[in-house]
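> return atomic coordinates for the entry below.
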Amino acid sequence: MNHKTRLLIVLLVGAGIIGATGLQAKEMYRWTDENGVVHYTDRKPPAQVDYETSHVPDANPAPGAAPAAVPADEGEPNFAQQRREEIAQKKREARETGAQREAECAAWRAEVDRLEPNRRVFFTNEDGETERMDDVERVNRVAELKQQIAKNCN
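Numbers count the residues shown, from 1 in each chain. Have a look, this model is predicted:
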């Protein structure tokens, strides 16, 4: 055998190994361990583990061939979809919390605007009777509201 023939045999064997490896990689396994960690692999998991099998399209399809469709798990969103939904939920909650905080801040500012310039402030007590707030109580309430505004509002 000459040098060219040996090289040709080595290249053909190498191509065969690469092709066979590509065929094995078309089947994927998904399984969850005892700690709840989800594993994905192209190798069959241990025999004592329950697993799911899915088929992955060929990474190097023949030229001109249409791409193979990967079946989606119906009813079970993938990790990316779950993460997007979590982020959207956090944004909704932040908006709601922000709106509540802005409403509180507006109420506190309105109360300061009502109490601060007036020396005679009246309020209704628990019994439904109208009472006058004394100056010390009014000044303390204004100071308390301003602290809340400084701490919680923009």
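> in stretch 134-153, what counts as buried?
Arg138, Arg141, Val142, Leu145, Ile149 (16 or more other CB atoms under 10 Å). Where C-beta positions appear, they are placed from N, C-alpha and C, glycine not excepted.
> how near is Gln82 to Thr53?
For Gln82, the distance to Thr53 equals 22 Å [CB to CB, to the nearest Å].
> what's the closest of the buried residues of stretch 134-153 to Ala110?
Leu145 (9.8 Å; CB to CB).
> which of the helices or strands spans that closest one?
helix 135-152 (DSSP states H and E).
> quick one, strands of the chain?
27-32, 38-41, 51-55, 121-124, 130-133 (DSSP state E).
> nearest to Arg95, of those?
That would be strand 38-41 among these, by CB to CB, at 31.7 Å.
> for that closest one, list the C-alpha coordinates in CSV.
Presented in CSV, the C-alpha positions along strand 38-41 are these (Å, rounded to 0.1, in the frame of the first residue of the first chain):
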residue,chain,number,x,y,z
VAL,A,38,-33.0,18.6,35.3
HIS,A,39,-30.3,17.0,33.0
TYR,A,40,-30.1,17.0,29.2
THR,A,41,-27.7,14.6,27.5
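> which neighbours does that strand have in its sheet, and in what orientation?
Taking DSSP bridges as the criterion, strand 38-41 forms sheet pairs with strand 27-32 (antiparallel).
> can you give me how far the strand it pairs with is from the chain middle?
From the chain centre to the centre of strand 27-32 is a distance of 24 Å (CA atoms, centre = their mean, to the nearest Å).
> please identify the buried residues of the helix ranked longest in the chain?
Identified as the longest helix of the chain according to DSSP state H is helix 79-115. Within helix 79-115, the residues that count as buried by 16+ other CB under 10 Å are Trp108, Glu111, Val112, Leu115.
> avg pLDDT for stretch 31-45?
Throughout stretch 31-45, pLDDT has a mean value of 79.
> and Glu131, what does it touch?
Going by CB atoms under 8 Å, 6 or more residues apart in numbering, Glu131 touches Phe122, Phe123, Thr124, Asn125.
> please name the residues that touch the second one.
Shown in contact with Phe123 (CB under 8 Å, 6+ apart): Thr130, Glu131, Met133.
> need the residues you listed in a markdown table with pLDDT, can you?
As requested, those are exported to a markdown table (pLDDT from 0 to 100):
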| residue | pLDDT |
| --- | --- |
| Thr130 | 90 |
| Glu131 | 88 |
| Met133 | 87 |
